[in-house]
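Colleague: Need a 3D model of the following:
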Amino acid sequence: MYSGAMNFHEAVAYLDGLISEATSQQRYAEIKLERMKDLLRRLGDPHRSLRVVLVAGTKGKGSTCAMISSILMASGMTVGLHTKPHLEDVRERIQVNGRPVRRETFARLVARLQPHSEAMREGPWGLPSYFEATVALALLHFSSVPVDLAVLEVGLGGRLDATNVTDPLVSVITPISLDHTEILGNTVRAIAAEKAGIIREHGTVVSAPQGGEAAEVIQATCREQQARLVQVGEEVIWKRERSTREGQQFKVFGRLGIYEDLWVPLLGAHQVVNAATAVATVECLQELGIPVPPAAIRAGLSRVRWPARVELFSRRPYILLDVAHNPASMGALRAVLEEHFPGRRVILVYGMLKTPAYRGTTAILAPCASHVIATRPHHPHALDAAVLAEEVGRFAPSVEVVDNQLSAMERALSLAGREDVICVTGSFYLVGEIRRALRYLIASGASSVRWPREHLCGKMSSSENSVHQGS
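Modeller: Presented below is the predicted three-dimensional model:
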């Protein structure tokens, strides 16, 4: 047990210790919001002072959060952003105006949380989970800054998620499809019911375009809660006008205006849908008395940064990083490959966790690859690379196993020609570690895995650099 002051590494170690606790392994149906409420009560209920936008969904919720946050920042507001999981550094989960919380601040927050967390050990709910703790840290930090608005990404489902203790000004639901079926249910209707748990009585709801069953559940829940529903695709529509490897231009026909010549530096038609959902959300905020001028919408979308979401990290060879891990997101990645890299040789570096989704995702993406390097993410629940390779072999002409993920990337670089595409995907843990190593090479010119420097042409932004600075 820690006591008193902590340094950053001790703070991370304490949080990591929560992952192995029995309470974090409970079934979803047994995880009650009372535990999160108890933790926040001990911390002074920081969430009660916050104005919140809460975003749930299967695909696109993180990107939509990033877009909403960027638009609000362009409006001159101080904005808190909580997303999960992190790619390279836990502090990515707690950002204010696009910058992760500083290391010493993060350590102070954990030191404040730790005695309350430990006091819960023998209580009726037990220790908080890792995710519950990080949500509490974000809410505590946002209330102390304070921020004008907090944009929160739901972790899992919605109804019983730790973020659902908040009282959102706007509840946002991005596209729903099958994912986490072993926890949320094996039908879209069941999963949609969990996501719709973020809808509040007499609240305001924005829904991205949904399939029939998901749309029916959301509409029915809004009727039951007497909540106002804005449906993207009906009341707010978009037109995609131009797409390049740098981003895409589009317009949105909103309820409060038409927004022309919009640009988002993200790839994939799905990101335009996410942008339209973000526009619908900030229009609702305007109607609630929060000014968001059209110029801020344009500027905010053009400045949004969301790493490893179909991210073209470098060229010659092209290195494409994406955290797709379910069939819906893998389909979006495949669409980008087909649109922007037709006919090119694709070398896939691929690793997954042990979830039922690995077969469906493999069937979607593996046929696009000329060669697949199956690897194992650094995670206790990683899928064995040989098992993954066996499934890949059903769809791809060539597959090999390289257990170590950095060695797998080194192998891909050794095989790739200047015009080939190396696509790294399948798990946050895989993509995050490889992205961190690539950035290290760019920053230092040295690497323990001996990757050739000439392959790495990308540049780190100042906001990305801040994640790795000592303070």
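Colleague: Would you state the strands of the stretch 351-471 of the chain in chain order?
Modeller: Assigned by DSSP state E, counting those that start in this stretch, the stretch 351-471 of the chain shows strands spanning 371-374, 399-401, 421-425.
Colleague: So for residue 188, which of those strands sits nearest?
Modeller: Across the strands of the stretch 351-471 of the chain, residue 188 has its closest neighbour in strand 421-425 (23.6 Å, CB to CB). (Glycine included, C-beta is placed from N, CA and C.)
Colleague: quick one: strands adjacent to the closest one?
Modeller: Note on strand 421-425: by DSSP bridges, its sheet partners are strand 318-321 (parallel), strand 346-350 (parallel).
Colleague: got a list of contacts for the first one?
Modeller: By CB atoms under 8 Å, 6 or more residues apart in numbering, the residues outside strand 318-321 that reach it are 307-308, 310-313, 336-337, 341, 344, 419-425, 431, 434-435, 438, 455-456, 458.
Colleague: Show me which of those are buried.
Modeller: In terms of neighbour count (16 or more other CB atoms under 10 Å), the buried residues within the contacts of strand 318-321 are 307-308, 310-313, 336-337, 341, 420-425, 431, 434-435, 438, 455-456, 458.
Colleague: residues in contact with residue 401?
Modeller: Residue 401 sits in contact with 373-375, 385-386, 389, where contact means CB under 8 Å, 6+ apart.
Colleague: top of those residues by neighbour count?
Modeller: Within the contacts of residue 401, most neighbours by other CB atoms under 10 Å means residue 375, with 32 neighbours.
Colleague: who's in contact with that residue?
Modeller: Residues counted as contacts of residue 375 (CB under 8 Å, 6+ apart) are 349-351, 385, 401-405, 407-408, 430.
Colleague: what's the answer for residue 169, then?
Modeller: Residues counted as contacts of residue 169 (CB under 8 Å, 6+ apart) are 51-53, 149, 204, 284-285, 288, 290.
Colleague: Residue 58 and residue 177 touch, don't they?
Modeller: Yes. With contact defined as CB atoms under 8 Å, residue 58 counts as touching residue 177 (4.7 Å).
Colleague: So which of these two has more stuff around it?
Modeller: Taking neighbours as other CB under 10 Å, residue 58 and residue 177 compare with residue 58 leading, 23 against 18.
Colleague: The contacts of residue 375, buried ones only, as a ChimeraX selection?
Modeller: Of the contacts of residue 375, the buried ones go into a single ChimeraX selection, burial set by 16+ other CB under 10 Å:
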select :349,350,351,385,401,402,405,408,430
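Colleague: what ranges do the helices span in the stretch 251-400 of the chain?
Modeller: Assigned helices in the stretch 251-400 of the chain, in chain order: 269-287, 294-303, 327-340, 357-365, 385-392 (criterion: DSSP state H, counting those that start in this stretch).
Colleague: Take these and lay them out in CSV including distance to residue 123 and mean pLDDT.
Modeller: Rendered in CSV, the data for the helices of the stretch 251-400 of the chain read as follows (distance: least, CB to CB, whole Å; pLDDT from 0 to 100):
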stretch, distance to residue 123, mean pLDDT
helix 269-287, 37, 97
helix 294-303, 42, 98
helix 327-340, 38, 93
helix 357-365, 35, 91
helix 385-392, 40, 96
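Colleague: closest one to residue 122 among those?
Modeller: With CB to CB as the criterion, residue 122 lies closest to helix 357-365 of those, at 36.8 Å.
Colleague: That closest one to strand 346-350, inter-axis angle?
Modeller: 170 degrees (axes from the mean of the first three to the mean of the last three CA atoms, to 10 degrees).
Colleague: what's the closest non-adjacent residue to the spatially most central residue of the chain?
Modeller: Central residue of the chain (CA atoms, centre = their mean): residue 62, 3.8 Å from the mean position. Of all residues not flanking residue 62 in the chain, residue 83 sits nearest, at 5.0 Å (CB to CB, 6 or more residues apart in numbering).
Colleague: right, and the one you found touches residue 68 too?
Modeller: No. Counting by CB under 8 Å, residue 68 is not a contact partner of residue 83; they are 11.2 Å apart.
Colleague: which of the two has more neighbours?
Modeller: Counted by other CB under 10 Å, residue 83 and residue 68 do not tie: residue 68 has more neighbours, with 30 against 23.
Colleague: so what pLDDT did the nearest residue to residue 276 once chain neighbours are set aside get?
Modeller: Of all residues not flanking residue 276 in the chain, residue 238 sits nearest, at 4.1 Å (CB to CB, 6+ apart). At residue 238, the model reports a pLDDT of 98.
Colleague: same check, this time on residue 289
Modeller: pLDDT for residue 289: 96.
Colleague: What is the burial count for residue 383?
Modeller: By other CB under 10 Å, 21 other residues sit near residue 383.
Colleague: Tell me how far it lies from residue 218.
Modeller: 33 Å (CB to CB, to the nearest Å).
Colleague: And what about residue 135, helix, strand or coil?
Modeller: helix (DSSP: H, G, I helix; E, B strand; the rest coil).
Colleague: pLDDT score for it?
Modeller: 97.
Colleague: How is the protein partitioned into domains?
Modeller: 8-303, 311-468 (automatic domain parsing).
Colleague: residues in contact with stretch 404-419?
Modeller: 316-318, 344-345, 347, 349, 351, 371, 373-378, 400, 402, 422, 424, 430, 433-434, 437-438, 449-452, 455.
Colleague: I'd assumed residue 392 was in contact with residue 358.
Modeller: No. Using CB under 8 Å, residue 358 is not in contact with residue 392, being 9.8 Å away.
Colleague: returning to that earlier point: residues shared between the contacts of residue 58 and residue 177?
Modeller: In terms of CB under 8 Å, 6+ apart, residue 58 and residue 177 are both contacted by the residues 191, 326, 328.
Colleague: Look at the first one and say how many residues are nearby.
Modeller: Just to be clear, that refers to residue 191. Around residue 191 there are 25 residues (other CB under 10 Å).
Colleague: So that it lines up with my notes, have the first residue be 448 from now on.
Modeller: With the count now opening at 448, the last piece we talked about shows up as residue 638.
Colleague: where does it land in three-state SS?
Modeller: helix.
Colleague: about what we covered before: PyMOL command for the buried members of the contacts of residue 616?
Modeller: Only the buried entries of the contacts of residue 616 go into this PyMOL selection, using 16+ other CB under 10 Å:
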select buried, resi 498+499+500+596+651+731+732+737
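Colleague: Tell me which two in the contacts of residue 616 are the farthest apart.
Modeller: 596 and 651 (13.9 Å).
Colleague: Please list all residues in contact with residue 826.
Modeller: Taking CB under 8 Å, 6+ apart, we find residue 826 in contact with 800, 874, 876.
Colleague: Most neighbours out of the residues you listed, which is it?
Modeller: residue 874 (28 neighbours).
Colleague: Confirm for me that that one is in contact with residue 798.
Modeller: Yes. Residue 874 is in contact with residue 798 according to CB under 8 Å; the separation is 5.3 Å.
Colleague: Name the residues contacting each of those two.
Modeller: 824, 829.
Colleague: what's the closest of the strands of the stretch 798-918 of the chain to residue 722?
Modeller: Of the strands of the stretch 798-918 of the chain, nearest to residue 722 by CB to CB is strand 868-872, at 22.2 Å.
Colleague: one step back: starting from the helix or strand hosting the residue nearest to residue 723, tell me which strands it pairs with and how they run.
Modeller: Here residue 685 sits within strand 684-691, counting by DSSP states H and E. Applying DSSP bridges, strand 684-691 is found paired with strand 694-700 (antiparallel).
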